[in-house]
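# here is my input; please provide its structure:
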Amino acid sequence: MPHITVDHSESLTGSFDRPGFARALHPLVAEIARTSAAGCKTRFRSVDETFVADGAPGHTVIHVDIALRPGRTEAVKAELTEAVLALLLKHVAPTPGVTVHASVDLRELDEAYARHIVEQGALG
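Sure, this is the predicted structure:
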């Protein structure tokens with residue numbers, strides 16, 4: 001926890017530095033949300049088909065969903081989404097003729113959320 005999911009247009013695969021974004025994202029989330037970077041988990045999903053506005057070519061999408069345990073103020077949530085959006089844009093290389101529609105959303109996990117981390121022993 002936090003759980004972070006990043007959906008992006010497949011056409012951005014070459015211009016979106018996903019590992020660099022995740023490396024910078026985890027400590028940023030930990031600092032603002034006052035949680036541990038060690039608990040951050042980010043999944044990237046390439047979306048092969050997106051349709052923006054009237055469907056004109058050259059429009060791409062990156063959307064970040066952040067799920068946190070409850071307890072942050074609205075001000076902290078707003079600070080986090082704005083900071084993540086700014087960080088995201090730093091990790092997408094400009095491409096002529098391409099418009100990137102970037103967004104970030106944050107939700108709170110339900111009180112019933114449960115997790116367990118299982119450390120596997122060395123194999124062999």
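# pretty sure Cys40 is touching Leu25, no?
Yes. Counting by C-beta atoms under 8 Å, Leu25 is a contact partner of Cys40 at 7.3 Å. Every residue, glycine included, has its C-beta placed from N, CA and C.
# identify the contacts common to these two.
Ile4 (C-beta atoms under 8 Å, 6 or more residues apart in numbering).
# who has more neighbours out of those two?
Leu25 (24 against 20; other C-beta atoms under 10 Å).
# which element is that one on?
Following DSSP states H and E, the helix or strand that holds Leu25 is helix 18-33.
# quick one: buried residues of that helix?
By 16 or more other C-beta atoms under 10 Å, the buried positions in helix 18-33 come out as Arg18, Phe21, Ala22, Ala24, Leu25, His26, Leu28, Val29, Ala30, Ile32, Ala33.
# that one - what's its average pLDDT?
The predicted model assigns helix 18-33 a mean pLDDT of 98.
# quick one: contacts of that helix?
2, 4, 6, 35-37, 40, 42, 44, 66, 68, 72, 76, 79-80, 83-84, 87-88, 90-91.
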